[in-house]
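Colleague: Quick one, structure for this:
(one chain, ligands or ions: 2)
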Amino acid sequence: MMMVEKLGNYDRFERDHWRNLFDAETVPLDQVDLDAIQSLNDRISVADVKEIYMPLVHYLLMRYDEFQRVNDDRSAFLKTPRRHVPFLMGIAGSVAVGKSTSARLLALLLHHLHPELNVQQITTDGFLYPNSVLEKKGLLDDKGFPDSYDMGKLIQFLNDVKQSKPKVTAPKYSHQVYDVIPDEVDIVDQPDILIVEGINVLQLPSQAELFVSDFFDFSLYVDADPKLIEHWYLERFGMLLDSAFNDPTNYYHELATSSREDAFLYARQVWDAVNLRNLNEYILPTRNRANVILHKMQHHMIDAVYLRQY
Ligand SMILES: Nc1ncnc2c1ncn2[C@@H]1O[C@H](COP(=O)(O)OP(=O)(O)OP(=O)(O)O)[C@@H](O)[C@H]1O
Ligand SMILES: CC(C)(CO)[C@@H](O)C(=O)NCCC(=O)O
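Modeller: Ligands and ions are numbered 1, 2, ... in the order given. All right, here's what the predicted structure looks like:
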């Protein structure tokens with residue numbers, strides 16, 4: 001047991017240390033459950049689930065219990081009936097670093113451990129302005145940058161969820177269409193825990209009175225070397241390209257039918273000009289606001305977990 005390295009206000013725990021913080025023998029999941037989680041994405045290793053995510057979920061549940069106690073104390077002090085207040089967890093990090101995969105895995109594990117809890121998940125992608133609006137604002141090449149999101153709408157959504165309003169709707173984004181889908185919504189209905197995943201969940205827009213991050217009770221940043229993230233971005237681009245080949249309505253259809261070399265040249269340019277720039281200018285600067293940082297290496301293997309000291 002040792003603290004290997006300190007980075008600013010974080011303690012860094014090597015994987016071997018972190019995995020021993022929670023006794024895997026007491027994990028109420030059998031191999032079948034783990035296989036079900038694994039089949040979500042054939043590259044998520046069972047070892048990662050046991051050694052990284054199980055201790056993480058238990059740490060998260062400790063924070064959740066603490067949150068319930070604070071709310072109990074508050075209503076006892078005010079002599080008012082106890083309200084149902086959803087616990088919000090934010091997951092931040094670069095485009096293509098694996099935020100939605102982590103969110104899905106955490107939601108599943110929480111469901112397995114506590115089936116009585118209503119755990120839901122959402123991405124902030126749907127709060128991007130539609131392409132038509134981005135075009136008018138001259139922001140088509142800045143998709144994902146702070147100004148490309150309707151932050152007012154996102155804050156209203158988070159506020160409604162936090163107030164435990166029933167059936168709160170969120171707009172939906174499609175990577176295939178490369179735009180917000182006008183007639184489809186996601187519904188968040190009085191969750192006990194809501195996992196909100198997006199590149200902007202820890203950002204502080206300059207003129208806002210309320211920040212998106214004000215709504216989060218717990219936050220996670222998924223971190224990796226930008227060169228690795230670029231590789232994952234290009235891998236995912238390859239998959240999008242394959243699925244676009246026979247679908248003329250797909251944004252990538254034209255690219256899919258041109259030469260693969262040209263398509264990847266284009267994707268590399270988009271990575272450099274848009275997503276890497278966004279990472280360096282707007283996403284990475286929010287990393288040190290997260291409660292926990294997961295650090296990934298090749299093949300999405302997590303080698304270290306950072307915990308904010310205060
Ligand atoms: N733990 C993991 N093991 C293996 N592959 C993973 C893992 N996490 C993510 N990936 C892969 O990396 C790519 C990016 O992951 P994902 O779509 O979850 O990223 P994201 O951060 O949510 O991206 P975006 O912000 O663009 O929506 C996907 O191709 C996904 O399959
Ligand atoms: C939708 C976002 C902004 C975030 O998930 C991202 O996946 C994206 O589309 N970025 C714009 C540049 C690109 O096409 O990758």
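Colleague: Ser219 - that's part of a strand, no?
Modeller: Yes - judged by DSSP: H, G, I helix; E, B strand; the rest coil, Ser219 forms part of a strand.
Colleague: Quick one: neighbours of it, just the number.
Modeller: Number of residues near Ser219 (other Cβ atoms under 10 Å) recorded here: 21. In this view, the C-beta of every residue, glycine as well, is placed from N, C-alpha and C.
Colleague: which residues sit in contact with it?
Modeller: 89-92, 201-202, 213, 289-292 (Cβ atoms under 8 Å, 6 or more residues apart in numbering).
Colleague: One more pass at 7 Å, please.
Modeller: 89-90, 92, 201-202, 289-291 (Cβ atoms under 7 Å, 6 or more residues apart in numbering).
Colleague: Now, of these, which are buried?
Modeller: With neighbours counted by 16 or more other Cβ atoms under 10 Å, the contacts of Ser219 contain buried members at 89-90, 92, 201-202, 289-291.
Colleague: Closest one of those residues to Ile283?
Modeller: Ranked by distance to Ile283 (Cβ to Cβ), the buried ones among the contacts of Ser219 are led by Ala92 at 7.0 Å.
Colleague: Next, the closest residue to Asn9 other than its chain neighbours: phi, psi?
Modeller: Closest residue to Asn9 apart from its sequence neighbours, by Cβ to Cβ, 6 or more residues apart in numbering: Gln309 at 5.1 Å. The phi/psi pair for Gln309 (degrees, to the nearest 10) reads phi -70, psi -30.
Colleague: per-residue pLDDT, Gln309?
Modeller: Looking at Gln309, its pLDDT reads 89.
Colleague: Give me the neighbour count for it.
Modeller: Count around Gln309 with other Cβ under 10 Å applied: 9.
Colleague: Surely it is in contact with Gly8?
Modeller: No - with contact defined as Cβ atoms under 7 Å, Gln309 does not reach Gly8; the gap is 9.0 Å.
Colleague: and the top helix by length along the chain, what does it pack onto?
Modeller: In terms of residue count, the longest helix belonging to the chain (DSSP state H) is helix 54-78. Applying 3 or more Cβ pairs under 7 Å, 6 or more residues apart in numbering; DSSP states H and E, one finds that helix 54-78 contacts strand 87-93, helix 99-113.
Colleague: Any chance of these in JSON lines with mean pLDDT and distance to Gln298 as columns?
Modeller: Supplementary listing: these in JSON lines, determined by pLDDT from 0 to 100; distance: least, Cβ to Cβ, whole Å:
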{"stretch": "strand 87-93", "mean pLDDT": "98", "distance to Gln298": "17"}
{"stretch": "helix 99-113", "mean pLDDT": "91", "distance to Gln298": "16"}
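Colleague: Ok, which of the ones you listed comes nearest ligand 2?
Modeller: Within these, the stretch nearest ligand 2 is helix 99-113; the backing value is 8.2 Å (Cβ to the nearest ligand atom).
Colleague: Kindly calculate the angle that the helix or strand just after the closest one makes with helix 99-113.
Modeller: Remark: after helix 99-113, the chain's next helix or strand is strand 119-123, criterion DSSP states H and E. Using axes from the mean of the first three to the mean of the last three Cα atoms, to 10 degrees, the inter-axis angle of strand 119-123 relative to helix 99-113 is 170 degrees.
Colleague: can you tell me if strand 119-123 touches ligand 2.
Modeller: No - if you take Cβ under 6 Å from any ligand atom as the test, strand 119-123 misses ligand 2, and the best it gets is 7.2 Å.
Colleague: Return the set of buried residues in the next helix or strand after that strand.
Modeller: Remark: after strand 119-123, the chain's next helix or strand is helix 131-136, criterion DSSP H and E. Buried residues in helix 131-136, counted by 16+ other Cβ under 10 Å: 131, 134.
Colleague: Noted, bye for now.
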